[in-house]
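# Sequence plus the predicted model coming up.
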Amino acid sequence: MFSFIKKHWLVYIIGAALAVALGFGAAYVVGVIGSTPDDAPSQTGSSSVIM
């Protein structure tokens, strides 16, 4: 098994780099889609609390 990995180490490196890139890309897309828009009203401070 280790001889197979030693023989094809470049494929493993490329696959790992591709997996990391896809992971960061997916996280970025989820962050952009799921984030609050800039023009949304801010709810910081006590004056925005409605009782």
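Great, that's in hand.

# Going by C-alpha atoms from here, please, whenever you check contacts or count neighbours.
Fine.

# Check residue 34 and give its pLDDT.
pLDDT, the model's per-residue confidence, is 87 for residue 34.

# Next one: it from residue 40, what distance?
Counting by C-alpha to C-alpha, to the nearest Å, the gap from residue 34 to residue 40 is 13 Å.

# Contact partners for residue 12?
With contact taken as C-alpha atoms under 8 Å, 6 or more residues apart in numbering, residue 12 is in contact with residue 5.

# quick one: least confident helix or strand in this structure?
Every helix and strand in the chain was compared by mean pLDDT, DSSP states H and E; the lowest is helix 2-7, with a mean of 91.

# Tell me the first helix or strand C-terminal of that helix.
Scanning the chain past helix 2-7 towards its C-terminal end, the next helix or strand to appear is helix 9-34 (assignment: DSSP states H and E).
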